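Chemist: Have a look at this prediction, sequence included:
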Amino acid sequence: MAQPAGPVAWHSEVSRERFQQDIYPLRKPAVLKGIDLGTCTTKWTVDYLSQTAGTKEVKIHVSTVPQMDFLSSWCTFLTLCVTLPFDVFVRRAAEVKHKEYFISEDEKYYLRSLGEDPRKDIADIRKQFPSLAEDIRIPEYFEKEQFFSSVFRISSAGLQLWTHYDITGKKRVILYNPRDAPYLYLSGTKSEVLNVDNPDLEKYPLFMKARRYECSLEAGDVLFIPALWFHNVISEEFGVGVNVFWKHLPSECYDKTDTYGNKDPTAASRAVQILDRALKTLEELPEEYRDFYARRMVVRIQEKAYSTNYE
């Protein structure tokens, strides 16, 4: 049996001072309610979005299944990458059944806004959707120089994705502590376990050891997710959201070519490369010796790198 879901704390009408003093230092997820996010919470209907953003061409993902699989490649045989006018996309994403479709009448749609040149430019709703950005008031919980990106997202009802704070629509969010990484079957930065509600425990037996944290978000709620926390987002209705990413570490710690904000810090990347070389070197030893020295390496990592205070 999987671990029971733990609570995600929620707070009402949180000021910058309270956030910085009482919430941020805990390094745990928190739902923030009653925050003034601007007129987007009432204005962003399907009609308004379609009329305001108009026919701007957007790249979207179309999937035949609720769990979009971005593990093997950006587009898989179950997911198409297509371009549509924004107003057409929004109306399709809000539909339950489609008269016009690419794969099936039940297909689901997902938009994650990108920079003009995704290889060089970060996503910033103020640049990609300036007319909609006027409706948003981003909470000023961090210093302006810590800002990294603001990602505009729209998803069909029932779609299961990874991460954000809500503007419209209901979402259910499931989170996992970074310490449970050994149980999440990671492939790069993503877990191979796509269906967290009904995982294949024959294929992923250790997943049941991961403690699940869960919360439901209503329109206007803000979910604070600290760096490194794993999160799975299920859109229970047609949903519009904005992710705002802030830099937690000094700027020099980050890969300057990272426009998505999902690459490991440069020191972590170097450490992993060194570890890979060390493991390759161990392959030169007989099995018994390889096992012995690998265990010694694990002990040293536990002694030198593991934190006893981080939860």
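Modeler: It's in. Numbering: from 1, shown residues only.

Chemist: pLDDT-wise, which helix or strand of this protein ranks last?
Modeler: Within the chain, confidence by mean pLDDT, DSSP states H and E is lowest for strand 165-168 among all helices and strands, at a mean of 45.

Chemist: Tell me which helix or strand comes right after that strand.
Modeler: strand 171-176 (DSSP states H and E).

Chemist: Quick check: next helix or strand after that following strand?
Modeler: strand 186-187.

Chemist: Select the longest helix from the protein.
Modeler: Counting by DSSP state H, the longest helix found in the chain is helix 287-305.

Chemist: Now do stretch 45-60: distance from first to last residue.
Modeler: 19 Å (CA to CA, to the nearest Å).

Chemist: Which residues outside it are in contact with it?
Modeler: The contact list for stretch 45-60 (CB atoms under 8 Å, 6 or more residues apart in numbering) reads 81-91, 94, 109-111, 113-114, 129, 131-132, 154, 168, 238, 240. Glycine gets a C-beta too; all of them are placed from N, C-alpha and C.

Chemist: Ok, stretch 103-114 next?
Modeler: For stretch 103-114, the external contacting residues (CB under 8 Å, 6+ apart) are 58-66, 68, 80, 89, 92-93, 97-99, 101, 121, 123, 125, 128-129, 151-159, 161.

Chemist: now those residues: which count as buried?
Modeler: Buried subset of these (neighbour count, 16 or more other CB atoms under 10 Å): 58, 60-66, 68, 89, 92-93, 98, 123, 125, 128-129, 151-157, 159, 161.

Chemist: In strands, which of those appear?
Modeler: Cross-referencing the buried ones among the contacts of stretch 103-114 against strands under DSSP state E gives 58, 60-63, 151-155, 161.

Chemist: what's around the nearest residue to residue 8 once chain neighbours are set aside, how many residues?
Modeler: Distances taken as CB to CB, 6 or more residues apart in numbering place residue 215 nearest to residue 8, at 3.9 Å, with adjacent residues excluded. Residues contacting residue 215 under the criterion other CB atoms under 10 Å number 19.

Chemist: residues contacting residue 8?
Modeler: So residue 8 contacts 29-31, 173, 175, 213-215, 223 (CB under 8 Å, 6+ apart).

Chemist: and the two most separated of the residues you listed?
Modeler: Greatest spatial distance in those: 30 and 214, 13.4 Å, computed using CB to CB.

Chemist: Neighbour count: the two, which is higher?
Modeler: residue 30 (20 against 16).

Chemist: Report the beta-bridge partners for that one.
Modeler: residue 9, residue 224 (DSSP bridges).

Chemist: looking at it, it is touching residue 9, isn't it?
Modeler: Yes. Counting by CB atoms under 8 Å, residue 30 touches residue 9, with 5.1 Å between them.

Chemist: Need the contacts of residue 8 in a markdown table (columns: distance to residue 263 and pLDDT).
Modeler: A markdown table is the format used below for the contacts of residue 8 (distance: CB to CB, whole Å; pLDDT from 0 to 100):
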| residue | distance to residue 263 | pLDDT |
| --- | --- | --- |
| 29 | 22 | 96 |
| 30 | 25 | 96 |
| 31 | 27 | 96 |
| 173 | 23 | 92 |
| 175 | 21 | 94 |
| 213 | 25 | 95 |
| 214 | 28 | 94 |
| 215 | 27 | 94 |
| 223 | 22 | 95 |
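
Chemist: Need these in CSV (columns: distance to residue 296).
Modeler: Shown next, in CSV, are the contacts of residue 8 (distance: CB to CB, whole Å):
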residue, distance to residue 296
29, 36
30, 40
31, 44
173, 40
175, 34
213, 35
214, 39
215, 42
223, 41
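
Chemist: Next, count neighbours for residue 134.
Modeler: Residue 134: 13 neighbours (other CB under 10 Å).

Chemist: wait, what's in contact with residue 273?
Modeler: For residue 273, no residue meets the contact criterion (CB under 8 Å, 6+ apart).

Chemist: What ranges does this protein have for its helices?
Modeler: Taking DSSP H as the criterion, the chain contains helices spanning 16-18, 40-43, 46-53, 86-94, 125-128, 130-133, 266-282, 287-305.

Chemist: Could you say which of those helices is packed most deeply?
Modeler: The highest mean neighbour count among the helices of the chain, using mean count of other CB atoms under 10 Å, belongs to helix 86-94: a mean of 21.
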